[in-house]
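*Asks:* Please find the sequence and the predicted model below.
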Amino acid sequence: IRVPFIIRGPGIPAGVSSREPVVGWDILPTVLDMTGADDQIPKAVEGGSLLPLCKSGGKIKVNRRDPFMVFRSAQCSGNSPEAGALDVAIIQDGYKFYRELESGNEYLWSLWGDLGESKNLLKEMPERAERLRKNMDAYCQRVGWNQKERAQPPKPKRRIKRK
């Protein structure tokens, strides 16, 4: 969530930084935009092109389908993903709302004011928490993520032995 992303290229000013969150699924739309093929971005791609953000020196926000990013993961405890709990998080406007699905525990953190995510703001900011909770739940429903089921690890691909 706080991993730096560095980009360099023609028309992109040097020495500029931005706090605009970016995510891996922004890369495909960015590459297609850079090559002039931005009209070929598949509708299912949720990311947005980073090119306007980069060329504006960090002033223009990334245009995505949703004004937030949702992540779902199986947090591993022990040696297998099956041992971990399923968690869902939403990032929006500098805040992270996080839900542990097995325990039902929820957290709200300021990503800019609390780098260690040590102060749960859930009780101090109930309106913000509720707005993020509703956005996260609506998103999970839209994409078919059942928040009651444990995330399954990807099945290994079978290798075909060649003679």
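*Replies:* Great, that's in hand.

*Asks:* From here on, just use CA atoms for contacts and neighbour counts.
*Replies:* OK.

*Asks:* Could you measure from Thr30 over to Val16?
*Replies:* 18 Å (CA to CA, to the nearest Å).

*Asks:* So the two - more neighbours on which side?
*Replies:* Using other CA atoms under 10 Å as the criterion, Thr30 and Val16 rank with Thr30 on top: 20 against 11.

*Asks:* which helices and strands sit right next to the helix or strand of the chain with the lowest mean pLDDT?
*Replies:* Across the helices and strands of the chain, mean confidence by mean pLDDT, DSSP states H and E is lowest for strand 69-74: a mean of 82. Secondary-structure packing of strand 69-74 (3 or more CA pairs under 8 Å, 6 or more residues apart in numbering; DSSP states H and E): strand 86-92.

*Asks:* what packs against the strand it packs on?
*Replies:* On a contact count with 3+ CA pairs under 8 Å, 6+ apart, strand 86-92 meets strand 69-74, strand 95-100, helix 126-143.

*Asks:* If we use 7 Å, what do you get?
*Replies:* Packing partners of strand 86-92 (3 or more CA pairs under 7 Å, 6 or more residues apart in numbering; DSSP states H and E): strand 69-74, strand 95-100.
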